[in-house]
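**Q** Return a 3D structure for these sequence lines:
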Amino acid sequence: MENGSFRMIAQTLHGLEDVLRTELVKLGARDTERHNRAVSFTGDLGFLYKANFMLRTAVRVLVPIASFQARNAEEFYMGVKRIRWDAHMTNTDTFLIKCNLNARWADNSQFLALKAKDAIVDRFREKTGRRPSVYLHDPTLRIHIHVVNEHCTVSLDSSGGSLHERGYRQDTNAAPLNEVLAAGMVLLSGWDRQMPLVDPMCGSGTLLIEAALLAANIPPGYYRAKFGFELWPDFDEDLWEKIRGAMIDRITDASPVLIGGDINRTTLRKAQDTVRAAKLEDAITLRHSAFADLEAPENPGMLIMNPPYGERMDQHGIGRASDDEEIDALYTMIGDTLKHRWSGWTAWVLTSNLDAAKRIRLTPGKRVQLFNGPLDCRYFRYDLYAGSRRLTPPPAQEGKAKD
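**A** The predicted structure is shown next:
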């Protein structure tokens, strides 16, 4: 990689593309272009480092190094083999290949990954007599190959594994919320980083931690041990330390009211451990409380929750996962509590159980399609006006997700 500008691709989760694009523009990216679960952009080597360290809604940052046409497995093999791999690794390094495809001539991503591995190994063996090895857990180089019809793009993963792995996560509760999704939910909510923010079913505390990082401008990569680019041949340690130091210097002492509640004591203890690991125990208050009993702060603000969808009921002490009456009762309680105890607030609720969500009996002002792992969810906004039992929906919003 040279110090000049080049194209990069930041991957994200469905529904967070516009949030990620906004992040990139604010960081200084040029020529941003929105794609499905990704945003491409232009920057230099320093910006590559900064993007990995600062992006809250990116899963990884890829750097395309080659593209070619292939109509069959043999043409694919030759296309990969022609790449100058010695510019990116040595014959003593390890590597891992991930292949995504949408092509009529190929229907097995593992087979293509194996062909790509053979191409890389054969090139090194023919030129040096030695070959690099595949390593699944912590390779020197992570390679991503994207095949669409006859077009193949080969990229390097500069992140070295998913960026949702911030580094602060401790022993997790069942079904922990992905850090990238949590950060995206906070950013989508429109929270101004100053008003109170409450998560009344906080689970592992991820939403509150991501909100605290955002409020104090703490880089999401602050806790991470290393990034993939640190093992690249062109890694500029001085440049990396300069950028990392400059971003850390921007951390503030902002401390908005951040409160989490959970009915399960064991769950809450794990959340407390994670908050301590992130050194945010002075910024986040955790309370053992059911949502119906949780006291709202004096000043109205933002309430964000990820309640059980039905398959997670046991851990919240609500009932059996298959008991529709219990999940309906939970969502009825959520609606009643929002109306009677949180007037003047804005509430956001993420759920994949759209039938249960109707039990909230409030009209959402906005809904966004998101995925929590494989679960197709909706992220509902409720504006809780004082004295309002049922809200009138605002005019249809541009780009509103369809159910």
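
**Q** Low-confidence stretches in the stretch 101-250 of the chain?
**A** 170-175 (pLDDT under 70).

**Q** just the helices in the stretch 1-150 of the chain please.
**A** 17-27, 45-54, 73-81, 109-128 (DSSP state H, counting those that start in this stretch).

**Q** Mean neighbour count for those - can I get that in a markdown table?
**A** In short, each C-beta sits where N, CA and C put it, glycine included. Shown next, in a markdown table, are the helices of the stretch 1-150 of the chain (neighbours: other C-beta atoms under 10 Å):
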| stretch | mean neighbour count |
| --- | --- |
| helix 17-27 | 19 |
| helix 45-54 | 22 |
| helix 73-81 | 18 |
| helix 109-128 | 17 |
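
**Q** Which one of these lies nearest to C99?
**A** C99 lies closest, by C-beta to C-beta, to one member of the helices of the stretch 1-150 of the chain: helix 109-128, at 4.3 Å.

**Q** Put the alpha carbons of the closest one into CSV.
**A** What follows is helix 109-128, C-alpha atoms only, in CSV (Å, rounded to 0.1, in the frame of the first residue of the first chain):
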residue,chain,number,x,y,z
SER,A,109,-18.2,-20.6,-1.3
GLN,A,110,-16.0,-23.1,0.5
PHE,A,111,-14.9,-24.7,-2.8
LEU,A,112,-13.9,-21.3,-4.2
ALA,A,113,-12.1,-20.5,-1.0
LEU,A,114,-10.2,-23.7,-1.4
LYS,A,115,-9.3,-22.9,-5.0
ALA,A,116,-8.1,-19.5,-4.0
LYS,A,117,-5.9,-21.1,-1.3
ASP,A,118,-4.5,-23.5,-3.8
ALA,A,119,-3.7,-20.5,-6.2
ILE,A,120,-1.9,-18.6,-3.5
VAL,A,121,0.1,-21.6,-2.2
ASP,A,122,1.0,-22.7,-5.7
ARG,A,123,2.3,-19.2,-6.6
PHE,A,124,4.6,-19.1,-3.6
ARG,A,125,5.8,-22.7,-4.0
GLU,A,126,6.7,-22.1,-7.6
LYS,A,127,8.6,-18.9,-6.9
THR,A,128,10.2,-19.6,-3.5
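
**Q** Counting by contacts, list what that helix packs against.
**A** On a contact count with 3 or more C-beta pairs under 8 Å, 6 or more residues apart in numbering; DSSP states H and E, helix 109-128 meets helix 73-81, strand 94-102, strand 141-148.

**Q** For F371, find the nearest of the ones you listed.
**A** Set against F371 and scored by C-beta to C-beta, the helices and strands packed on helix 109-128 come closest in strand 94-102, at 16.3 Å.

**Q** What distance do you get for R34 to D44?
**A** 22 Å (C-beta to C-beta, to the nearest Å).

**Q** picking that back up, let me know which of the helices and strands packed on helix 109-128 is the nearest to S133.
**A** S133 lies closest, by C-beta to C-beta, to one member of the helices and strands packed on helix 109-128: strand 94-102, at 5.3 Å.

**Q** What pairs with that closest one, parallel or antiparallel?
**A** Using DSSP bridges, strand 94-102 pairs in its sheet with strand 133-134 (parallel), strand 141-148 (parallel).

**Q** re the thing from before, among the helices of the stretch 1-150 of the chain, single out whichever gets nearest to Y385.
**A** Using C-beta to C-beta, the nearest of these to Y385 is helix 17-27, at 26.5 Å.

**Q** circling back to that earlier point, mind putting the strands paired with strand 94-102 in TSV, distance to F95 included?
**A** Putting the strands paired with strand 94-102 into TSV (distance: least, C-beta to C-beta, whole Å) gives the following:
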stretch	distance to F95
strand 133-134	6
strand 141-148	4
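
**Q** got these as a markdown table, with mean neighbour count and distance to R359 columns?
**A** Putting the strands paired with strand 94-102 into a markdown table (neighbours: other C-beta atoms under 10 Å; distance: least, C-beta to C-beta, whole Å) gives the following:
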| stretch | mean neighbour count | distance to R359 |
| --- | --- | --- |
| strand 133-134 | 14 | 50 |
| strand 141-148 | 20 | 42 |
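
**Q** So which of these is nearest E298?
**A** Of the strands paired with strand 94-102, nearest to E298 by C-beta to C-beta is strand 141-148, at 48.7 Å.

**Q** how distant is the closest one from the center of its chain?
**A** Distance of strand 141-148 from the chain centroid (C-alpha atoms, centre = their mean, to the nearest Å) equals 20 Å.

**Q** Also stretch 323-342?
**A** Centre-to-centre, stretch 323-342 and its host chain are 28 Å apart (C-alpha atoms, centre = their mean).

**Q** in that stretch, what counts as buried?
**A** Judged by neighbour count using 16 or more other C-beta atoms under 10 Å, the buried positions of stretch 323-342 are 326-328, 330-331, 333-335, 337-339, 342.

**Q** In helices, which of those appear?
**A** In this view, those that belong to helices under DSSP state H are 326-328, 330-331, 333-335, 337-339.

**Q** Look up which residues are beta-bridged to D376.
**A** Applying DSSP bridges, one finds that D376 bridges with F371.

**Q** Compute the number of surrounding residues for it.
**A** Per other C-beta atoms under 10 Å, the neighbour tally for D376 reads 12.

**Q** surely it meets Q369?
**A** Yes - using C-beta atoms under 8 Å, D376 is in contact with Q369, at 7.1 Å.

**Q** Can you give me the end-to-end span of stretch 82-94?
**A** 19 Å (C-alpha to C-alpha, to the nearest Å).

**Q** got the contact list for it?
**A** 65-66, 68, 95, 120, 123-124, 127-128, 130-135, 138-141, 154, 156, 232-233 (C-beta atoms under 8 Å, 6 or more residues apart in numbering).

**Q** next one: stretch 368-375
**A** Here stretch 368-375 makes contact (C-beta under 8 Å, 6+ apart) with 13-16, 175, 177-178, 181, 184-185, 188, 306, 309, 350, 352, 376-379, 401, 403.
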